[in-house]
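> how does the following fold in three dimensions:
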Amino acid sequence: MQSTSQTLASMAEACLSMQQLKIIHGRALRSNLHHHPIVLAKIFRFAAVSPGGCLRYADRLFSQIYQPNTFFYNILIRGYSKSSTPSRSVRLFNQMRRNSVDTDGFTFTFLVKSRSRMRIHSSSIMASDEIHGAALKLGFCLHLFVMNALIHLYAARGVPASARRVFDETVGADSVSWSGLVAAHVRAGELELARQVFDEMPDRDVVSWTMMVSGYAQAKRPKEALELFMEMRDAGIKPDEVTLVSATSACTSLGDLQMGIEIHHYILENGFGWMVSLCNALIDMYAKCGCIDQAWLLFNSMEIKSLITWNSMISACAKHGNADDAFMVFAHMLDSGTRPDKITFLALLTAYAHKGCVDDGYGLFESMQRDYGIEAGVEHYGCMVDMLGRAGRLEEAYELITGMPIPCNDVVWGALLAACRIHGDVEMGERVLKKLMELRPDKGGYYILLRDIYVAAGQRAEAIEVRRAMDVNGATKTPGWSWVGDEHSPHHSS
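Alright, predicted model coming up:
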């Protein structure tokens, strides 16, 4: 028959919520077993590190422990390393040292994880962390898991030189060590060096493959991302959720519908079809590859929809010119209790721009700020300027820009200049170019837009003068520069 302490410890081990834990803790108090080492350890561990725990409760428990040992410090440091206040872990470590409590390898592993999640502004600390120095001083740099944590710390900060230094000092480097070094180069944007390390790896695991595939996809090198993804499959490595999202994103960038369909089939065949992130990526891929019907099928089949899901479908409808469908999806989104964000409203404004509903667009723009408390960003203003410009309401667009409560950029002014060209408004074009010359005197595409406005108006002398001003300011024309209203940004092709 179990003793009371064993029963309480077992109950705490099987606990699923703080409500249950408080009942167990109450029983321990009544039985005078709340300081029993095993009972206390089980209760404390749940509160500090379990998904259903409560760090504040763990902190109160910790403050009541007489001379907490290494175990209790480590558990609380671990809890804070995963929290929104990871800096608390460092304060606990300093308290630990002041109280002469022994540290161990776990202390530093959890501590380094905390440091990797803290915002560091000093470049010297970014490159050489004080916790790294403490680990060296106390002799924990022979512990592989401590060294791996340090490599990943510098990787998270994008400091590959420091990550390499730790890697070179690591005894018995394993796949985690190698993956950390790959990650450091990827985070720093050094894809060639990352690939070199990746190719030298004695054993490549799914983490390292995914790191490289994602790195290529995020660096807008989708062809290399897909080539490596196919190599990964050929090597018999089963991709995970992150790999598949990155590969799908690469298909989207390339417009490779066939490969996207293959990845979709792989997702379904391997039981990943329930993952919301993958469905979101597939909706985006199908929509941007022109298969809006397939995007709808996937969207309607999803039992759980995230904010990204709703935004992806609204954006898909808007970009395909199906404004009414975009508004319908938005209505369903609100009915579901999902709160819209800036991206939602940007997509809806795009839909209004396509439909030419300027007044409705204005109403939405004002509602976004008034009813939802979402401050308009420069992208929203750019969309409104594009919408007004298409409708020929250039003076209103000008007043909107000059009344912006946030700094404007050349992209928004460029949208108005493009509208001036469409509507042949010379006077407004001159006013806009003055603003653009203050922001981007080196961008030749804007001068050429005004020159074209002059040419269309038969003002040859003014057109020649604009060309001369372009040369004086050293502005160069980007090949194939043009304004594309759907994306609210200038595009160019070589």
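
> let me see the ranges of the strands in the stretch 1-150 of the chain.
Ranges of strands in the stretch 1-150 of the chain, per DSSP state E, counting those that start in this stretch: none exist.

> so where's it uncertain?
Within the stretch 1-150 of the chain, the segments meeting pLDDT under 70 span 1-2, 120-129.

> mind listing the helices for it?
4-13, 18-30, 37-49, 55-63, 70-81, 87-98, 105-117, 123-127, 130-137, 144-156 (DSSP state H, counting those that start in this stretch).

> give me the angle between the first one and helix 37-49.
With axes from the mean of the first three to the mean of the last three Cα atoms, to 10 degrees defining the directions, helix 4-13 sits at 10 degrees from helix 37-49.

> swap in the last one?
Inter-element angle recorded for helix 144-156 and helix 37-49: 20 degrees (by the same axes, to 10 degrees).

> cool, the second one as well?
Inter-element angle recorded for helix 18-30 and helix 37-49: 150 degrees (by the same axes, to 10 degrees).

> wait, Ala163 touches Ala149, no?
No. Using Cβ atoms under 8 Å, Ala163 makes no contact with Ala149, being 11.5 Å away. In this view, the C-beta of every residue, glycine as well, is placed from N, C-alpha and C.

> relative to Leu55, how far out is Ser315?
38 Å (Cβ to Cβ, to the nearest Å).

> now swap in Met437 and tell me
As defined by Cβ to Cβ, Met437 lies at a distance of 55 Å from Leu55.

> how close does the residue nearest in space to the middle of the chain sit to Gly189?
Nearest residue to the geometric centre of the chain (Cα atoms, centre = their mean): Gln218, 10.7 Å. In this structure, Gln218 lies at 9 Å from Gly189, with Cβ to Cβ as the measure.

> repeat for Gly382
According to Cβ to Cβ, Gly382 and Gly189 sit 27 Å apart.

> Glu313 - how many residues pack around it?
Quick fix: residue 313 reads Met, not Glu. By the measure other Cβ atoms under 10 Å, the count of residues near Met313 is 30.

> after the one helix or strand it maps to, which helix or strand is next?
Using DSSP states H and E, Met313 sits within helix 307-319. Next along the chain after helix 307-319, taking DSSP H and E as the criterion, comes helix 323-335.

> the inter-axis angle of that next one versus helix 307-319?
Using the same axes, to 10 degrees: helix 323-335 against helix 307-319 is 160 degrees.

> hmm, who's touching helix 323-335?
The contact list for helix 323-335 (Cβ atoms under 8 Å, 6 or more residues apart in numbering) reads 310, 313-314, 317-318, 340, 344, 347-348, 351-352, 354-355, 357.

> buried set for that helix?
323, 325-327, 329-330, 333 (16 or more other Cβ atoms under 10 Å).

> run through the helices of the stretch 251-400 of the chain in chain order.
Using DSSP H, counting those that start in this stretch, helices in the stretch 251-400 of the chain cover 257-269, 276-288, 292-301, 307-319, 323-335, 342-355, 358-370, 378-390, 394-402.

> tell me the contacts of Leu282?
248, 260, 264, 267, 295, 298.

> same question for Gly363.
Contacts of Gly363 (Cβ under 8 Å, 6+ apart): none.

> measure it to Thr350 for me?
15 Å.

> need the pLDDT of the residue nearest to the centre of the chain.
Looking at Gln218, its pLDDT reads 94.

> and the closest residue to it other than its chain neighbours, its phi and psi?
Using Cβ to Cβ, 6 or more residues apart in numbering and skipping residues adjacent in sequence, the residue nearest Gln218 is Ser246, 7.7 Å away. Per-residue torsions, Ser246: phi -60, psi -40 (degrees, to the nearest 10).

> so Ser246 touches Ser214, yeah?
Yes. The pair Ser246 / Ser214 is scored as a contact, 4.2 Å apart, by Cβ under 8 Å.

> can you lay out the buried residues of helix 323-335 as a markdown table showing distance to Gly79?
Shown next, in a markdown table, are the buried residues of helix 323-335 (distance: Cβ to Cβ, whole Å):
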| residue | distance to Gly79 |
| --- | --- |
| Ala323 | 49 |
| Asp325 | 46 |
| Ala326 | 43 |
| Phe327 | 45 |
| Val329 | 40 |
| Phe330 | 40 |
| Met333 | 35 |
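
> where is pLDDT lowest across these?
Ala323 (91).

> what about that one, distance to Leu349?
11 Å.

> got it, and Ile304?
Distance of Ile304 to Leu349, computed by Cβ to Cβ: 27 Å.

> same thing with Cys357?
Remark: distance between Cys357 and Leu349 (Cβ to Cβ) = 10 Å.

> which of those two has more neighbours?
Taking neighbours as other Cβ under 10 Å, Cys357 and Leu349 compare with Leu349 leading, 27 against 17.
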